[in-house]
Each structure stands twice: as structure tokens, then as C-alpha cells.
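A.B. asks: Provided below for reference: sequence and predicted model.
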Amino acid sequence: RDPPGLGAALARAGFDPSLPTLFLAECVLVYLPPEASQALVQWCAATCKDAVGFVLYEQIRPDDAFGRQMLINLESRDISIPGIHGTPSLDAQRNRFLSAGWSRADAMDMFSIHNRCLDPTEVRRSSGLEIFDEFEEWQLIQEHYCVAYGVHNDEKGIFKDFQFKVQG
């Protein structure tokens, strides 16, 4: 919520914004109001002078039946994720980075990553390890979580191969 405060804390810990940096956020930004998470993403791009990457994993699609039920279930436990309404879709996740000045960005839901990016031989092998009869429910869950990333200031090409690798 406080990018300058984050910068000061990182500086005290020895963070050097002139070095290549990768930020990871697993279900973090979704708990912030959209303007706070956007300010943080913008701060990362503006602060880091050399190659910077940002990878996040969080919930999406709050407006379909499953997404609405997901929010009801969280709210019943006094858990609020206000950021989901600021970035409810894969396009919104990509745009969160691009509108904050990042050079490139992409996003993919977890079901698509499973189907398009994982080695099909490994998927078949792991699928045979345990009988799984709730595939439709698992698919719904995976379609409501995504990985998104942004890359900026990568003139040296440190992140040039940083992307979703779709299997042929």
C-alpha cells in the first residue's frame, strides 16, 4: 500500500535497484485496493533501472457463477479481495503492467497453462498416479487463477526468453 515505504524497507535490507530484479507475488496484490496494487506495480517499473520482471499468481473472473461463489465463500470467512475487481480478466492482468509502463506483459489462467504449457507426456504420467473423478470442478478452479508477468528495462536481454512456453 506504500511504495515509498516499501522502497525504504528494501533499501535497509540491501536492495539495489540498479541490479536485475524479479518480483514475485503469490495472491498478494488481490488483497490490495486496485489503486494500491497499481501504484506498487508502477513503482517497481519506475524504480528498477536494469532488467526487472514481475510475476504474480492470483484469482480472476469474479463475475461468473463460480467467481461469485468464490467471493461469497471468502466473505463468509471475513476475507476480502478488493483487487479482483480491478483486474478481473486476463486482459486486465496484462494491462495492469502495460499501463504502468512495463515493456511487455502476458497472462494465462492455470487451466490453459496445464493444457498448453506442460509437457503432454508428463501430464499423462502424473494423471495416472491417482484416480481423479472431479475433473470439471478442478477445471473451474484452475480457470479462476492465473499467472501474469511483466518485463521492463531489459536492454541486456536477461528476460528475453521469459514467457509462457506453449508446447507444440
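C.D. replies: That came in fine, so what should we check first?
A.B. asks: Doesn't Val147 lie inside a strand?
C.D. replies: Yes. Judged by DSSP: H, G, I helix; E, B strand; the rest coil, Val147 forms part of a strand.
A.B. asks: Return the distance of it relative to Gly168.
C.D. replies: Distance, Val147 to Gly168, using CB to CB, to the nearest Å: 20 Å. Where C-beta positions appear, they are placed from N, C-alpha and C, glycine not excepted.
A.B. asks: So for those two, which residue has more residues nearby?
C.D. replies: Val147 (19 against 4; other CB atoms under 10 Å).
A.B. asks: Bridged to the residue nearest to the more buried one when sequence neighbours are not counted, which residues?
C.D. replies: Of all residues not flanking Val147 in the chain, Tyr57 sits nearest, at 5.3 Å (CB to CB, 6 or more residues apart in numbering). Bridge pairing for Tyr57 (DSSP bridges) gives the partners Glu26, Val147.
A.B. asks: can you tell me which residues contact Tyr57?
C.D. replies: Ala25, Glu26, Cys27, Tyr145, Cys146, Val147 (CB atoms under 8 Å, 6 or more residues apart in numbering).
A.B. asks: For Ala39, give me phi and psi.
C.D. replies: phi -60, psi -40 (degrees, to the nearest 10).
A.B. asks: what's the closest non-adjacent residue to it?
C.D. replies: Ala39 sits nearest to Pro3 (CB to CB, 6+ apart), 5.5 Å away.
A.B. asks: can you check Gln163 too?
C.D. replies: Closest to Gln163 by CB to CB, 6+ apart is Asp106, at 6.5 Å.
A.B. asks: now Leu32
C.D. replies: Gly83 is the one closest to Leu32 (CB to CB, 6+ apart), at 5.2 Å.
A.B. asks: Double-check that neighbour against Glu35; I have them as touching.
C.D. replies: No. The pair Gly83 and Glu35 does not pass the contact test of CB atoms under 8 Å, sitting 9.6 Å apart.
A.B. asks: isn't Leu6 right next to Leu40, touching?
C.D. replies: Yes. Using CB under 8 Å, Leu6 makes contact with Leu40 at a distance of 7.2 Å.
A.B. asks: which of these two has more neighbours?
C.D. replies: Leu40 (20 against 15).
A.B. asks: show me the contacts for the more buried one.
C.D. replies: Counted by CB under 8 Å, 6+ apart, Leu40 has contacts Arg1, Pro3, Leu6, Leu29, Leu32.
A.B. asks: Just send these back as CSV, with secondary structure, pLDDT and distance to Gly128 too.
C.D. replies: Formatted as CSV, the contacts of Leu40 follow (DSSP: H, G, I helix; E, B strand; the rest coil; pLDDT from 0 to 100; distance: CB to CB, whole Å):
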residue, secondary structure, pLDDT, distance to Gly128
Arg1, coil, 74, 46
Pro3, helix, 83, 47
Leu6, helix, 89, 45
Leu29, helix, 96, 36
Leu32, coil, 96, 41
